[in-house]
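Q: predicted model, plus sequence, below.
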Amino acid sequence: MIKFVQCIRRKRGLTKQEFRDQWVEYGNKVKAVAEASDASRTVLSVALAMEQNLEIMQARGTKAPYDGMVEFWWDRGNDVVAFLDSGAGDQVLADLRHAQEAFMDLPNCTFFFASEEE
């Protein structure tokens, strides 16, 4: 199992509500990429406004939580490479990148591939 994870921070000046409004639209773009790439699963998560998040952050000296997180899952790494190399998803990937630029603080986001281990 291979995953592509996006840990997302919203652009400065964007309220949490504005971020969530954009998040819904972004979810549609994520689903289009997932369908085009034959991803076996996608998950979109948003951080909760909970006092416990602040307590954990202060107790451990960590940064504020990401505003959102996206996970794409594929059964095999070769599936992802074949999709990216084929050019078949160029348009949906371009749409995704355009959406990212509209509401994400990209220099403070983190995107990476990871393997699923149990």
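A: On my side now, so go ahead. Residues are numbered from 1 along each chain as shown.
Q: which helix is the longest one in the protein?
A: For the chain, the longest helix by residue count, based on DSSP state H, is helix 16-36.
Q: buried stuff in that helix?
A: 19, 22, 23, 26, 29, 30, 32, 33, 34, 36 (16 or more other Cβ atoms under 10 Å). Quick note: C-beta positions are derived from backbone N, CA and C, even for glycine.
Q: contacting residues for the residue nearest to the fourth one when sequence neighbours are not counted?
A: For residue 26, ignoring the flanking residues on the chain, the nearest one in space by Cβ to Cβ, 6 or more residues apart in numbering is residue 99 at 5.1 Å. Taking Cβ atoms under 8 Å, 6 or more residues apart in numbering as the contact definition, residue 99 lies against 22, 25, 26, 29.
Q: lowest average confidence, helix or strand, in the chain?
A: helix 77-86 (a mean of 91; mean pLDDT, DSSP states H and E).
Q: residue 7 should be in a strand, yeah?
A: Yes. The assignment for residue 7 is a strand, going by DSSP: H, G, I helix; E, B strand; the rest coil.
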